[in-house]
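**Q** Sequence and predicted model, in that order:
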Amino acid sequence: MGDDPEFIMARTSNGGGAQPVTAEGFNERIKRLFSDKPNPERAPERRPSARQPRPAKPTTGA
């Protein structure tokens, strides 16, 4: 308990109304959100898979 900001945020009730967010606060939230995600720049290049030909439809001799 005490002065932990996340604990205070969790207990703060805003009654469902919107609250302003600073750019710094937004950026911090985004950094925390993506901190455990892998870096896409380091991902190996994916090659498209080869397309498989479709079998021919049977012809009807009508």
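**A** That came through, no problem. Numbers count the residues shown, from 1 in each chain.
**Q** which element is Arg29 on?
**A** In the assignment (DSSP states H and E), Arg29 maps to helix 23-34.
**Q** Can you give me the buried ones in that helix?
**A** Residues of helix 23-34 include none that count as buried (16 or more other CB atoms under 10 Å). C-beta: built from backbone N, CA, C; applies to glycine.
**Q** Just checking, which helix or strand of the chain averages the lowest pLDDT?
**A** Least confident element among the helices and strands of the chain, by mean pLDDT, DSSP states H and E: helix 5-11 (a mean of 55).
**Q** Give the residue spans of the chain that score low on pLDDT.
**A** For the chain, applying pLDDT under 70 flags the ranges 1-14, 61-62.
**Q** And the contacts of the helix holding Arg29?
**A** Around helix 23-34, nothing counts as a contact under CB atoms under 8 Å, 6 or more residues apart in numbering.
**Q** Kindly export that helix (C-alpha atoms) in PDB.
**A** Output in PDB follows, covering the C-alpha atoms of helix 23-34 (Å, rounded to 0.1, in the frame of the first residue of the first chain):
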ATOM      1  CA  ALA A  23       1.600  12.200 -23.900                       C
ATOM      2  CA  GLU A  24       4.200  11.000 -21.400                       C
ATOM      3  CA  GLY A  25       1.600   8.900 -19.600                       C
ATOM      4  CA  PHE A  26       0.400   7.400 -22.900                       C
ATOM      5  CA  ASN A  27       3.900   6.600 -24.000                       C
ATOM      6  CA  GLU A  28       4.700   4.900 -20.700                       C
ATOM      7  CA  ARG A  29       1.600   2.700 -21.000                       C
ATOM      8  CA  ILE A  30       2.500   1.700 -24.600                       C
ATOM      9  CA  LYS A  31       6.100   0.900 -23.500                       C
ATOM     10  CA  ARG A  32       4.700  -1.400 -20.800                       C
ATOM     11  CA  LEU A  33       2.200  -2.900 -23.200                       C
ATOM     12  CA  PHE A  34       4.900  -3.800 -25.800                       C
END
